[in-house]
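Participant: Sequence and predicted structure are below.
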Amino acid sequence: MAFELPKLNFAYDALEPHIDARTMEIHYSKHHNGYTAKLNAAIEGTDLEGKSINELLTNLDMNNSGVRNNGGGFYNHSLFWEIMNPEDKGYLSGALKDAIIDAYDTVDNFKAVFSKAAATQFGSGWAWLCVHKGGKVEVCSTPNQDNPLMPGVSCGGTPIMGLDVWEHAYYLNYQNRRPDYIEAFFKVINWNEVERRYESLK
Ligand code: MN3
């Protein structure tokens with residue numbers, strides 16, 4: 001059973017003005033679609049065929065660049081679309097808010113730490129909020145399409161929120177102003193979904 005590009009839960013223009021429709025269209029229909037197709041090509045006819053994406057990434061041979069880059073790209077973007085929402089965003093609350101305050105003292109400081117991780121990831125990559133067994137949360141970043149599920153990568157744990165800082169994610173609207181894009185991302189985070197993921201993993 002091949003991987004399929006997941007459906008977007010919102011229209012391309014739904015996140016405007018924070019993320020523009022043209023960027024969303026290219027990002028989803030070209031980039032994410034491309035990772036999905038190349039992941040399928042990378043596992044076809046191998047003993048990796050039929051495994052879930054979590055199995056593929058947590059047991060990944062890091063020298064397998066086809067699965068590393070495209071499996072990462074498939075997983076990372078699938079998460080990214082789900083933790084943004086134009087309407088039903090909710091707000092940071094409950095056990096996730098408590099865990100963030102335990103780790104980063106205040107919500108504002110957490111936002112500063114996450115934003116710095118995203119701003120200072122050199123070149124292409126992602127910033128993450130991860131949950132560890134026991135419920136502790138941690139911010140980290142990774143290059144390219146790597147993510148913390150992969151063996152030995154960055155902070156470990158399971159990502160519950162991720163921000164794509166590849167230029168393809170923001171260049172049309174923000175050019176080189178990555179910090180403005182990061183600020184805009186915080187306006188479209190679907191906290192209900194991030195919190196749901198936290199509750200299911202803690
Ligand atoms: Mn991307």
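Facilitator: The structure has been received and is ready for your questions.
Participant: mind listing what the nearest residue to Leu15 once chain neighbours are set aside touches?
Facilitator: Nearest non-adjacent residue to Leu15, counting by Cβ to Cβ, 6 or more residues apart in numbering: Val188, 5.1 Å away. C-beta here means a position set from N, CA and C on the backbone, and glycine is covered the same way. Residues near Val188 by Cβ atoms under 8 Å, 6 or more residues apart in numbering: Leu15, His18, Ile19, Met84, Asn85, Pro86, Lys89.
Participant: Give me the residue ranges of this structure where confidence is low.
Facilitator: Counting by pLDDT under 70, the low-confidence segments of the chain come to 1.
Participant: separation between the residue nearest to the spatial centre of it and Glu44?
Facilitator: The geometric centre of the chain, computed from its C-alpha atoms, lies nearest to Gly162 (Cα atoms, centre = their mean), at 3.0 Å. Computed as Cβ to Cβ, to the nearest Å, the Gly162 to Glu44 distance reads 27 Å.
Participant: Mind listing the residues bridging to the residue of the chain found nearest the ion?
Facilitator: Nearest to the ion, among the residues of the chain, is Asp164, at 4.2 Å (Cβ to the ion). Assessed by DSSP bridges, Asp164 has beta-bridge partners Trp126.
Participant: pretty sure it is touching Gly73, no?
Facilitator: No. Between Asp164 and Gly73 there is no contact under Cβ atoms under 8 Å: 9.7 Å.
Participant: neighbouring contacts of the longest helix seen in the chain?
Facilitator: Secondary structure of the chain read by DSSP state H shows that its longest helix is helix 65-82. Residues from elsewhere that reach helix 65-82 (Cβ under 8 Å, 6+ apart): 3, 6, 8-9, 27-28, 31-32, 34-36, 38-39, 41-43, 48, 53-54, 56-57, 60-62, 126, 144-147, 149-150, 159, 161-164, 190, 193.
Participant: now the strands for the chain?
Facilitator: Using DSSP state E, the strands assigned to the chain run over residues 125-131, 137-143, 158-164.
Participant: Buried deepest among those, which one?
Facilitator: strand 125-131 (a mean of 25; mean count of other Cβ atoms under 10 Å).
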